[in-house]
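A.B. asks: What follows is a protein structure lacking sequence information:
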């Protein structure tokens, strides 16, 4: 190695291999490692450097092996076999390499996570970049500290299944759930699960800082899980995949008539459309036509196809008609005005539902009492559907 030899004397090389004391060999090792890291190496020089590193990795003195780990922790000079060998070494040797070395493959890191124990797992979780293969392994095998560290790592690429597995395993760990909640991107299905699991502290943080979007975390208010789900819909409907959300809710058995009614009562027509389409097994565009453009019988037909309860159809009819009759201006009272109008229409429609159903609707909408009902529906509420 011409370049390396120009920076080291023959005495340095002999000391590295045959030094009388560990301290002498460690000094020579550090000098050689610094040279390897700083100067350009030809293919021949790189192969020779790898051979020298193998000699150092086999040295009985921890100080010599530590010289490799500390000096070359992020260097591409370290060959994979040396990195893997040192990953099984004592912590002072293995941890710097596990946290930074590019020598490891994703398969190497995933296997170390599976077998390496919590300290090594945490070192890997801190790496600047983590592939899904590695995060999947952490989600399945990682300890609490390692998983929380990985979830808080912006360079860690988690898939939806990995995050779901994290939530499955750490439902009672505030530390892990908070780390998941503050990730830059969250699938809606994961966010929806977090609603009932995160601590009040995390909820308060999301609300106070207003750093809530459909992809990060959503503003969560206190109340029943169903109420919170509609808060999720309120945010998610602006930018996210509503279809994906209703598919997830249906798979979880949570796409209920009361949830759809609550969502519709809050003006979430898109969520209602996709929810009915999901339950009915009908494409969204056909469902849209039956709800909006198929005359008075269209809504009833798709409603029955979706298997929704007949006793609540008048409430859904009132909500859809009210939606058609109103103009939304994006103002602060849009939702309040819509709900008041919907309740009035429900109370004054000719096909009056039973008092039990009225109470059911009102309780489901978290209203203590309905708005005062006029003698007749206002003229502007008359809806003409082609």
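C.D. replies: Received it, and whenever you're ready, just let me know what you need. Predicted model, so just to flag it, every value in this text is computed and none were measured.

A.B. asks: Would you map the strands across the stretch 251-386 of the chain?
C.D. replies: Using DSSP state E, counting those that start in this stretch, no strands are found in the stretch 251-386 of the chain.

A.B. asks: Follow the chain on from the helix or strand harbouring residue 51 and name the next helix or strand.
C.D. replies: Per DSSP states H and E, residue 51 falls inside helix 43-57. Downstream of helix 43-57, the first helix or strand assigned by DSSP H and E is helix 62-71.

A.B. asks: now the angle from that following helix to helix 43-57?
C.D. replies: If you take axes from the mean of the first three to the mean of the last three Cα atoms, to 10 degrees, helix 62-71 sits at 140 degrees to helix 43-57.

A.B. asks: So for helix 62-71, mean pLDDT?
C.D. replies: Helix 62-71 carries an average pLDDT of 91.

A.B. asks: Okay, buried residues for it please.
C.D. replies: Applying a neighbour-count criterion of 16 or more other Cβ atoms under 10 Å, one finds 63-69, 71 buried in helix 62-71. C-betas here are computed from N, CA, C, even on glycine.

A.B. asks: Packing partners of that helix?
C.D. replies: Contacts defined by 3 or more Cβ pairs under 8 Å, 6 or more residues apart in numbering; DSSP states H and E place helix 62-71 against helix 22-38, helix 43-57, helix 80-87, helix 91-100.

A.B. asks: any weak-confidence spans in the stretch 251-386 of the chain?
C.D. replies: 294, 327-336, 338-386 (pLDDT under 70).

A.B. asks: again, only using 90
C.D. replies: 251-271, 292-297, 309-386 (pLDDT under 90).

A.B. asks: which stretches of it form helices?
C.D. replies: Using DSSP state H, counting those that start in this stretch, the helices of the stretch 251-386 of the chain run over 257-265, 269-280, 284-292, 296-305, 313-325, 334-348, 355-364.

A.B. asks: Dump the helices and strands packed on helix 62-71 to JSON lines, plus mean pLDDT, mean neighbour count and distance to residue 249.
C.D. replies: Output for these, formatted as JSON lines (pLDDT from 0 to 100; neighbours: other Cβ atoms under 10 Å; distance: least, Cβ to Cβ, whole Å):
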{"stretch": "helix 22-38", "mean pLDDT": "84", "mean neighbour count": "19", "distance to residue 249": "53"}
{"stretch": "helix 43-57", "mean pLDDT": "84", "mean neighbour count": "16", "distance to residue 249": "54"}
{"stretch": "helix 80-87", "mean pLDDT": "95", "mean neighbour count": "19", "distance to residue 249": "43"}
{"stretch": "helix 91-100", "mean pLDDT": "95", "mean neighbour count": "20", "distance to residue 249": "40"}
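
A.B. asks: The spatially closest residue to residue 95 that is not a sequence neighbour: how many residues sit nearby?
C.D. replies: Leaving aside its sequence neighbours, residue 95 sits nearest to residue 123 (Cβ to Cβ, 6 or more residues apart in numbering; 4.7 Å). When neighbours are counted by other Cβ atoms under 10 Å, residue 123 registers 22.

A.B. asks: didn't residue 123 look like it was pressed against residue 99?
C.D. replies: Yes. Between residue 123 and residue 99 there is a contact under Cβ atoms under 8 Å: 4.6 Å.

A.B. asks: ok, which stretches of the stretch 101-250 of the chain are helices?
C.D. replies: 106-115, 118-125, 132-141, 144-151, 160-169, 174-181, 188-194, 200-209, 225-239, 242-251.

A.B. asks: can you redo those as a markdown table with distance to residue 322?
C.D. replies: Supplementary listing: those in a markdown table, determined by distance: least, Cβ to Cβ, whole Å:
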| stretch | distance to residue 322 |
| --- | --- |
| helix 106-115 | 54 |
| helix 118-125 | 51 |
| helix 132-141 | 45 |
| helix 144-151 | 43 |
| helix 160-169 | 36 |
| helix 174-181 | 35 |
| helix 188-194 | 27 |
| helix 200-209 | 29 |
| helix 225-239 | 17 |
| helix 242-251 | 21 |
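
A.B. asks: and of those, who's closest to residue 27?
C.D. replies: Closest to residue 27 of these is helix 118-125 (Cβ to Cβ; 26.4 Å).

A.B. asks: what packs against that closest one?
C.D. replies: Looks like helix 118-125 contacts helix 91-100, helix 106-115, helix 132-141, helix 144-151 (3+ Cβ pairs under 8 Å, 6+ apart).

A.B. asks: got the angle between that helix and helix 144-151?
C.D. replies: Using the same axes, to 10 degrees: helix 118-125 against helix 144-151 is 0 degrees.

A.B. asks: Identify each buried residue in helix 118-125, please.
C.D. replies: So, applying 16+ other Cβ under 10 Å, buried residues of helix 118-125: 120-125.

A.B. asks: repeat for stretch 127-140
C.D. replies: Buried residues in stretch 127-140 (16+ other Cβ under 10 Å): 127, 130, 133-140.

A.B. asks: Stretch 295-307 too?
C.D. replies: Under the neighbour-count criterion of 16+ other Cβ under 10 Å, stretch 295-307 has 298-299, 302-303, 305-306 buried.
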